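Engineer: sequence-free structure coming up:
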């Protein structure tokens with residue numbers, strides 16, 4: 001079992017925390033463009049009192065998940081000569097690892113008296129959380145006491161730091177914009193659809209921003225980018241040690257509904273951009289929820305859908321019993337339907353009140369990015385009160401013609417058969433329902449007759465739409481004529 005070693009510091013000052021930097025910029029403004037694939041663009045404006053010539057600048061508190069190669073530093077009449085990302089943070093592991101080869105103080109408690117016994121030893125190694133110490137009496141590979149250090153080793157920082165050498169043409173205070181990409185922060189959308197009646201619902205969209213990037217974003221201006229952006233993944237690059245450690249538990253902050261819900265998105269390149277109206281603070285290891293969309297009296301349709309399991313092959317006469325249609329909610333993303341707004345991908349959850357006005361959850365489904373004019377067709381479950389059964393009642397051969405005789409032993413024939421089908425629909429509920437039955441058809445199939453007029457969806461699918469009143473039963477009959485080929489050997 002791995003031990004946890006306590007580290008005490010007898011000296012703790014600014015000089016021991018990190019190597020001295022000439023200038024440390026003061027943050028003035030912070031904004032984020034967050035993508036929904038664990039990526040964000042951070043734009044951090046900081047004020048710097050430059051001296052003429054080359055200045056050492058330390059940007060303390062950048063994200064520990066920063067992509068160093070993406071860093072851009074922008075300023076008036078400056079030249080960036082060098083930049084280094086220092087992600088070695090002050091942690092027990094890093095302190096001991098950086099102290100290998102140094103003499104340290106040790107403390108062991110006397111088990112009889114409870115007194116602390118102090119000594120000194122050389123730290124020979126620190127691997128996998130286990131120190132190896134050289135005392136004057138020998139080597140201790142499994143030291144059970146405490147280790148005390150006089151100071152923080154050089155090269156460790158309290159916060160992730162980007163160090164840069166920047167040349168300024170003159171001594172003056174300037175604003176620098178530090179822009180970089182970071183992983184560890186993303187957003188997603190959750191929708192709440194509250195069904196009001198058989199044709200209208202209220203739709204609310206909430207955005208959840210999750211921050212595990214290793215830094216807090218205080219009073220930040222937030223923009224959200226919806227769409228699939230291409231990102232090249234680097235290979236052979238080791239993750240910072242602090243990022244390989246287990247993440248802290250994520251807290252959840254449900255923010256109040258922001259003013260100006262129904263944020264109007266704008267097109268940027270091939271994506272949709274949502275700008276939140278109010279600045280907000282996103283702490284590290286936190287999920288924050290903000291209102292994004294609110295639409296009332298959105299029109300919808302509900303229907304049951306069933307794909308017939310019958311198929312038409314040779315003289316086979318199939319049947320099925322008591323299949324329940326899937327229930328679909330259909331929304332048109334148009335102004336006419338009182339929607340008409342680009343919807344980010346997410347999960348849409350549906351709720352409805354029962355006869356006593358008690359809220360009930362009735363299903364959910366994921367949606368993709370949905371542009372204005374697109375249709376949402378969401379499967380929520382199956383219709384409990386509606387069931388369907390059917391059968392091919394009769395198979396009839398209409399014609400048979402020989403195509404080719406292979407030496408007179410295995411001739412090929414072209415046949416036409418008719419399949420008479422009966423489908424029975426039954427609604428045991430107390431509400432009217434719409435049911436759509438879809439039948440797959442082989443090539444060159446003809447609908448010879450049908451008791452309810454249907455329509456072809458494409459070359460291989462045909463569908464019928466029926467309305468069933470409460471406690472209703474209806475029968476659909478149809479005949480299909482199918483062409484097929486057979487080879488018979490005598």
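Structural biologist: Yep, that arrived. Just so you know, these numbers come straight off a predicted model, no measurement behind them.
Engineer: Break down this structure into its helices, ranges please.
Structural biologist: 14-17, 92-98, 241-244 (DSSP state H).
Engineer: what about the first one, average pLDDT?
Structural biologist: Averaged across helix 14-17, the pLDDT comes to 34.
Engineer: Ok, the last one next?
Structural biologist: Taken as a whole, helix 241-244 has an average pLDDT of 32.
Engineer: the domain parsing of this protein - what is it?
Structural biologist: Under the assignment automatic domain parsing, the domains of the chain span 7-89+157-182, 92-149, 185-297, 387-487.
Engineer: Residue 321: which of these is closest?
Structural biologist: domain 387-487 (4.6 Å; CB to CB). Glycine gets a C-beta too; all of them are placed from N, C-alpha and C.
Engineer: what are the bridge partners for residue 49, then?
Structural biologist: Judged by DSSP bridges, the bridge partners of residue 49 are residue 173.
Engineer: for residue 182, that is, sorry about that
Structural biologist: Going by DSSP bridges, residue 182 forms beta bridges with residue 40, residue 66.
Engineer: What of residue 456?
Structural biologist: On the basis of DSSP bridges, residue 456 is bridged to residue 462.
Engineer: Counting neighbours, what do you get for it?
Structural biologist: By other CB atoms under 10 Å, the residues close to residue 456 number 12.
Engineer: Residue 455 now?
Structural biologist: 10.
Engineer: Also the one 5 residues further on?
Structural biologist: As a burial measure, residue 460 scores 12 neighbours (other CB under 10 Å).
Engineer: Report all helices and strands that the longest strand seen in the chain contacts.
Structural biologist: Scanning the chain for the strand with the most residues, using DSSP state E, yields strand 386-404. Packing partners of strand 386-404 (3 or more CB pairs under 8 Å, 6 or more residues apart in numbering; DSSP states H and E): strand 319-323, strand 412-427, strand 433-440.
Engineer: So for residue 34, which of these sits nearest?
Structural biologist: Using CB to CB, those put strand 433-440 closest to residue 34, at 39.7 Å.
Engineer: What lies in contact with that closest one?
Structural biologist: Residues outside strand 433-440 that contact it (CB atoms under 8 Å, 6 or more residues apart in numbering): 301-308, 310-311, 325, 383, 385-386, 388, 423, 425, 427, 457, 460-468, 476, 478, 480.
Engineer: repeat for stretch 113-131
Structural biologist: The contact list for stretch 113-131 (CB under 8 Å, 6+ apart) reads 2-5, 93, 96-97, 99-110, 132-135, 139-143, 147.
Engineer: which of those residues count as buried?
Structural biologist: 5, 93, 96-97, 99-100, 104, 106, 132-133, 140, 143, 147 (16 or more other CB atoms under 10 Å).
Engineer: Closest to residue 36 out of those?
Structural biologist: Distances from residue 36 to these, taken by CB to CB, are shortest for residue 93, at 32.8 Å.
Engineer: Below-threshold pLDDT in this protein: ranges please.
Structural biologist: 1-25, 86-91, 93-94, 154-159, 230-262, 404-408, 490 (pLDDT under 70).
Engineer: so residue 486 makes contact with residue 413?
Structural biologist: Yes - between residue 486 and residue 413 there is a contact at 5.1 Å, judged by CB atoms under 8 Å.
Engineer: Which one's more surrounded, the two?
Structural biologist: A count of neighbours by other CB under 10 Å puts residue 413 above the other of residue 486 and residue 413, at 15 against 12.
Engineer: Distance check, that one against residue 402.
Structural biologist: Separation of residue 413 from residue 402 (CB to CB, to the nearest Å) stands at 6 Å.
Engineer: With residue 299 instead?
Structural biologist: Distance of residue 299 to residue 402, computed by CB to CB: 58 Å.
Engineer: residues in contact with the residue nearest to residue 420 when sequence neighbours are not counted?
Structural biologist: Nearest residue to residue 420 in three dimensions, chain neighbours excluded: residue 394, at 4.3 Å (CB to CB, 6 or more residues apart in numbering). With contact taken as CB under 8 Å, 6+ apart, residue 394 is in contact with 317, 418, 419, 420.
Engineer: Please, a PyMOL command that selects the buried ones among those?
Structural biologist: Buried residues among the contacts of residue 394 (16+ other CB under 10 Å), as a PyMOL selection:
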select buried, resi 418+419+420
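Engineer: OK, contacts around the residue nearest to residue 71 when sequence neighbours are not counted?
Structural biologist: Spatially, and ignoring its direct neighbours in sequence, residue 71 is nearest to residue 180 (4.6 Å; CB to CB, 6+ apart). The contact partners of residue 180, by CB under 8 Å, 6+ apart, come to 41, 42, 62, 63, 66, 67, 68, 70, 71, 72, 162.
Engineer: Return the member of those residues nearest to residue 28.
Structural biologist: Taking these together and measuring to residue 28 by CB to CB, the closest member is residue 42, at 14.1 Å.
Engineer: Give me the neighbour count for the closest one.
Structural biologist: For residue 42, the count of nearby residues is 24 (other CB under 10 Å).
Engineer: OK, contacts around it?
Structural biologist: Shown in contact with residue 42 (CB under 8 Å, 6+ apart): 30, 31, 32, 62, 63, 178, 179, 180, 181, 182, 217.
Engineer: what's the closest of the helices and strands packed on strand 386-404 to residue 204?
Structural biologist: strand 433-440 (26.3 Å).
Engineer: From the chain's centroid, how far away is the closest one?
Structural biologist: A distance of 33 Å separates the C-alpha centroid of strand 433-440 from that of its chain, computed with CA atoms, centre = their mean, to the nearest Å.
Engineer: so residue 360 makes contact with residue 353?
Structural biologist: Yes - look at residue 360 against residue 353 with CB under 8 Å: they come within range, at 7.1 Å.
Engineer: picking that back up, if you count surrounding residues, which of residue 299 and residue 402 has more?
Structural biologist: residue 299 (15 against 10).
Engineer: show me where the stretch 251-400 of the chain has strands.
Structural biologist: Under the criterion DSSP state E, counting those that start in this stretch, the stretch 251-400 of the chain contains strands at 251-254, 266-268, 271-275, 280-282, 286-299, 301-307, 319-323, 326-332, 346-353, 359-367, 375-382, 386-404.
Engineer: May I see the buried residues of the fourth one?
Structural biologist: Neighbour counts using 16+ other CB under 10 Å place 280, 282 of strand 280-282 among the buried residues.
Engineer: One more: the last one?
Structural biologist: Buried residues in strand 386-404, counting neighbours by 16+ other CB under 10 Å, are found at 386, 387, 388, 390, 391, 392, 395.
Engineer: and the first one, bridged to which residues?
Structural biologist: Judged by DSSP bridges, the bridge partners of residue 386 are residue 427.
Engineer: now the fifth one
Structural biologist: Here residue 391 sits in beta bridges with residue 319, residue 422, as judged by DSSP bridges.
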